[in-house]
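Sequence first, then the predicted structure, then my questions.
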Amino acid sequence: MDNNHETKNLKPVRNEPWNKGKLIGAKPPLRPSHVWSIRTKLQMADRKRDLALFNLAIDSKLRGCDVVALRVDDVAPSGYAMDRAAIRQKKTGRPVRFELTDQTRSAVDDYLRMTGRKRGQFLFAGRGDGHGLTTRQYARLVHEWVASIGLDPTKFGTHSLRRTKAVLIYRRTGNLRAVQLLLGHSKIESTVRYLGIEVDDAIEIAEKIDI
């Protein structure tokens, strides 16, 4: 049997696709009822770090890589959480500002009192001294939180937390420019795609405006 004949009969080896068995595409935001349910669960379990992390992720509207990169200086340079904070985004290099609500500041302050974390340290500690939480560890926590209130964890992810408040702000105000600034997008088109805005959404907003 010649080599050419052997080559023709060989079947190509196919690698498993990275997304086999996984749901891909945009992760949906959490509903306000989901947010309150998760908060209540974390409060009842006295999970101070997780409560601070969850609340801050919702308020900040940051990507997961930026949430885990936060340092104490970014949100509590004097030892107490500030009303507003600003960071430079890892993905784009663009600065973005965000608000910290009363309940988020309270959760962060409780967490800092418990852990004694200081300026220069990562806000959310991971495994080992001096190491921050990794994006993978953060993703696992999000799955755990979501599953704890009966939602399918495969349908939600860290981006769900980033989108939650942004989508709510848009639905209540229709102010795309405000959402663009809060998400740190350079183009309004990116915000439109990110929010999944359709023509019907735009018309519904227009119908509420009388001239």
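Received it, and whenever you're ready, just let me know what you need.

For the rest of this, base every contact and every neighbour count on C-alpha atoms.
Noted.

right, and the helix or strand after the least confident helix or strand in the chain by mean pLDDT?
Among the helices and strands of the chain, helix 3-9 carries the lowest confidence by mean pLDDT, DSSP states H and E, at a mean of 48. Later in the chain than helix 3-9, the nearest helix or strand by DSSP states H and E is helix 32-44.

now what about that following helix, what contacts it?
K48, D50, L51, F54, N55, W145, V146, S148, I149 (Cα atoms under 8 Å, 6 or more residues apart in numbering).

Roughly how far does the nearest residue to the second one once chain neighbours are set aside sit from D102?
With sequence-adjacent residues excluded and distances taken as Cα to Cα, 6 or more residues apart in numbering, D50 is closest to L42, at 6.9 Å. Relative to D102, L42 is positioned 17 Å away (Cα to Cα, to the nearest Å).

In terms of neighbours, single out the busier of those two.
Neighbours per residue (other Cα atoms under 10 Å) separate L42 from D102, with L42 holding more: 19 against 12.

show me the contacts for A81.
Contacts of A81 by Cα under 8 Å, 6+ apart are V75, L100, R105, S106, V108, D109.

Switch those over to TSV; also include secondary structure and distance to L62.
Converted to TSV, the contacts of A81 look like this (DSSP: H, G, I helix; E, B strand; the rest coil; distance: Cα to Cα, whole Å):
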residue	secondary structure	distance to L62
V75	helix	13
L100	coil	12
R105	helix	16
S106	helix	19
V108	helix	16
D109	helix	20
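
which of those residues tops the neighbour count?
Neighbour-wise, the contacts of A81 (other Cα under 10 Å) top out at V108, 29 neighbours.

looking at it, I169 is touching R177, isn't it?
No. Judged on Cα atoms under 8 Å, I169 makes no contact with R177 at a distance of 11.0 Å.

gap between the longest helix anywhere in the chain and the chain center?
The single longest helix within the chain, with elements called by DSSP state H, is helix 158-173. Here helix 158-173 is found 10 Å from its chain centre; the criterion is Cα atoms, centre = their mean, to the nearest Å.

which parts of that helix are buried?
T158, H159, S160, L161, R162, R163, T164, K165, A166, V167, L168, Y170 (16 or more other Cα atoms under 10 Å).
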